[in-house]
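**Student:** sequence and predicted model, in that order:
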Amino acid sequence: MNQQRKERKQEVTTDLDRTLGVPQIVFMVVAMAAPLTVFAGLIPLMLGSGNGIGTPIDFVIVGVVLVLFTVGYSAMAPEVRNAGAFYSYIQRGFGTGIGLGAATLALVTYSLLIVSVSAYLGAASRNVIETFSGVSVPWWCLAAAGLGAIGYLGYRNVEVSARVLGTLLVAEVGIVAVVDLAIVLRGGDHGLSAHPLTWDAFTSGATGTGIMFAVFGFVGFEATAVFRSEAKDPDRTIPKATYIAVVLIAVIYAFSSWAMINGLGVARAVEAAANDPEGLAPGLATRYLSRAAHDLMQVLLVTSFFACVLTAHNVVARYLFTLGRQGALPVSLGVVHPAHRSPHVASLLTSGVIGALLAATAIAGLEPVVEIYAWFGGAGTLGLIVLLALTSAAVVVHFRRAGTATVWTGTVAPVLALGALGTILVLVIGNFELLIGSRTGANVFLAVVVAAFVGGLGWAALLSRRRPEIDAALE
C-alpha cells in the first residue's frame, strides 16, 4: 500500500483535463474500432480474401484472446502511472530499451492504420458525392479535407472529440443493428444457417488472413489506457472501459458478419464479396430495407471512417505527448494548450506526418481500398499483434518480479494470451504474402515493422548514452 502511494505521488502531472468517464472512453474506443467501417469495409474483405464464411468465428476467437489479454492489462493499470499504454507496460516489464522500441513500433503501427483508414474515408466520401450529385472528386482531395477537420478537433479539448464520437457512434451502430435485424427477420437469403459458426467454416480459406483482419477490427481498445491522464478515476475507469469495449466489439462483429453471410446466402457470400467488396453492405441495405437505407449507410460510412481516424489521431498525439513529457522526444511535444488543455503540438505533428504519408500514396497512384486500406491496414495490424504479444510477456515478467497480482491475473491469463497471440502472429506472417499480393511487397511491409522496433532500440541506446537522466524519467 505504501509503495502504491509513493508511485501515485511520482506520477507525472500532465495538466490535461480529467473529464472522461467510462462511457466517454468506451465511445472513443468503439468509435476507433468503427462498427460500420468493419461491417461495410472489413468483413467483405475477410469474406473475399480471408477464410470466407468462417469470418464470425474469427471475431469470437480474437475476442476471447483479447479478454484474456485484458485480464493482465487491467491488473497493470494501477501500477503504470503514465498514458503511454502498450509501451509503458512493456517498459515496466522489460526496461527502457525494449520500451522505447515498443513506443516506436506503436507510433509507426498507428500511423500505418491512420493512412489506411484515411484512404477509405476518401473513397467512401467520393462514393457519397457521386451518388447524390454525379460529380467525381478525387479520393485524396476528400481524404485531405477529412484530415483537416480531424486535425482541428484533435487540437481542441478531448471532450469535444468525445461528444462528436459519441454522436457518430450511436448513428453507425444503429444502422448496422437495423440491417442485421432486417436480415434476421426476413430469414436471410435462403433461411438462417448456423454453418458459418462451425469449425469447418473457420478452417476454410486463408485462416491467418481472416484472423489478422479480425484483429484489425479491434484496433483501438488500447486507447483506454492512452486516455489515462484524462480519465476521472483511471484505476477504476481504465479496466472497466477495456473489458466493456472488447466484449462489445466482439459481439457486434461476430453477429453482424453472421447476419451478412446469411443475407447474401451462405453458398454465394464469398463470391459476392470478392466481386464487389465496396458495394456489399449498401446492397444489403437496399435489398432488406430500402434505397433510402442504402444512401444513409453510405453517408454514415463516411462518418464512421472519420470517427475511426479521429480516435487514432488522438491516440498518436498522446503517445507523442507522453514521450515529450518524459524527455524522450522534444519537450515541446509535451506542452499543453493554455485554453483547450490539449496536447496541441503533438496533435499538429500527427496531422503533418499523416498528411505527408497520405500524399505519398496518392502520388504513387495506389488504389485507396484494395491497396492502401488492405496493405497498410495489414501491416499496421501485424505491428499491433507484436505489441499485444510483448505486452502480455511484460505483464508476466512484471508480476513475477513484483508479486502484486494473483496467479490468474499475473500469470495464467497473460500466458494463455501470449500463447494465442504468438500463434496468431505465426499465422499472419505465414499468410502475409497472400494479403499483399507479392513476396516483394510483403517483405517491404515486414521490414517496416521490424525497422520500427529496431530503430526504437537504437533510439533508447542513444538516449541512455547521451542523456542518462532520461532512463529515470521514463520509469
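**Tutor:** Looks like it arrived, so ask away.

**Student:** where do the helices of the stretch 251-400 of the chain begin and end?
**Tutor:** 269-275, 280-288, 291-326, 344-363, 377-402 (DSSP state H, counting those that start in this stretch).

**Student:** export those to a markdown table and append columns for mean pLDDT.
**Tutor:** Formatted as a markdown table, the helices of the stretch 251-400 of the chain follow (pLDDT from 0 to 100):
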| stretch | mean pLDDT |
| --- | --- |
| helix 269-275 | 88 |
| helix 280-288 | 92 |
| helix 291-326 | 86 |
| helix 344-363 | 92 |
| helix 377-402 | 90 |
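
**Student:** for A149, find the nearest of those.
**Tutor:** helix 291-326 (7.5 Å; C-beta to C-beta). All C-beta atoms are positioned from the backbone trio N, CA, C, and that covers glycine.

**Student:** so for that closest one, what gets flagged as buried?
**Tutor:** 293-326 (16 or more other C-beta atoms under 10 Å).

**Student:** before we move on, what about stretch 232-243?
**Tutor:** P234, T237, I238, P239, K240, A241, T242, Y243.

**Student:** just stretch 200-218 next, same as before
**Tutor:** 201-202, 204-218.

**Student:** coming back round to it: restricted to helices, list the buried residues of stretch 232-243.
**Tutor:** P234, T237, I238, P239, K240, A241, T242, Y243 (DSSP state H).

**Student:** make a markdown table out of the residues you listed and add pLDDT and distance to V184.
**Tutor:** A markdown table is the format used below for these (pLDDT from 0 to 100; distance: C-beta to C-beta, whole Å):
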| residue | pLDDT | distance to V184 |
| --- | --- | --- |
| P234 | 70 | 39 |
| T237 | 78 | 35 |
| I238 | 77 | 35 |
| P239 | 81 | 33 |
| K240 | 84 | 31 |
| A241 | 83 | 29 |
| T242 | 84 | 30 |
| Y243 | 88 | 27 |
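
**Student:** where does this protein dip in pLDDT?
**Tutor:** Counting by pLDDT under 70, the ranges of the chain that qualify are 1-21, 81-85, 157-162, 165, 222-223, 225-231, 340, 435, 437, 467-475.

**Student:** tell me, what residue is most central in the chain?
**Tutor:** A centroid search over the chain (C-alpha atoms, centre = their mean) returns V219, at 1.9 Å, as the residue closest to the centre.

**Student:** how much space between that residue and V117?
**Tutor:** 9 Å (C-beta to C-beta, to the nearest Å).

**Student:** shared neighbours of the two, which are they?
**Tutor:** A312 (C-beta atoms under 8 Å, 6 or more residues apart in numbering).

**Student:** what is the burial count for P23?
**Tutor:** Residues within reach of P23, counting by other C-beta atoms under 10 Å, total 13.

**Student:** what's the burial count for the residue nearest to it when sequence neighbours are not counted?
**Tutor:** Once flanking residues are discounted, P23 sits nearest to G166: 7.7 Å by C-beta to C-beta, 6 or more residues apart in numbering. Applying other C-beta under 10 Å, we find 18 residues neighbouring G166.

**Student:** now do A362
**Tutor:** 19.

**Student:** that one contacts W140, correct?
**Tutor:** Yes - with contact defined as C-beta atoms under 8 Å, A362 reaches W140; the gap is 3.9 Å.

**Student:** all helices for the stretch 51-200 of the chain, in order.
**Tutor:** So, for the stretch 51-200 of the chain - with DSSP H, counting those that start in this stretch - the helices run 55-76, 86-94, 96-133, 139-155, 158-185, 199-202.

**Student:** those: which one's closest to F399?
**Tutor:** helix 55-76 (7.3 Å).

**Student:** and the angle from the closest one to helix 86-94?
**Tutor:** Angle of helix 55-76 versus helix 86-94, following axes from the mean of the first three to the mean of the last three C-alpha atoms, to 10 degrees, is 60 degrees.

**Student:** report the buried residues of helix 55-76.
**Tutor:** 55-63, 65-76.

**Student:** what does stretch 395-411 give?
**Tutor:** V395, V396, V397, H398, F399, A405, T409, G410, T411.
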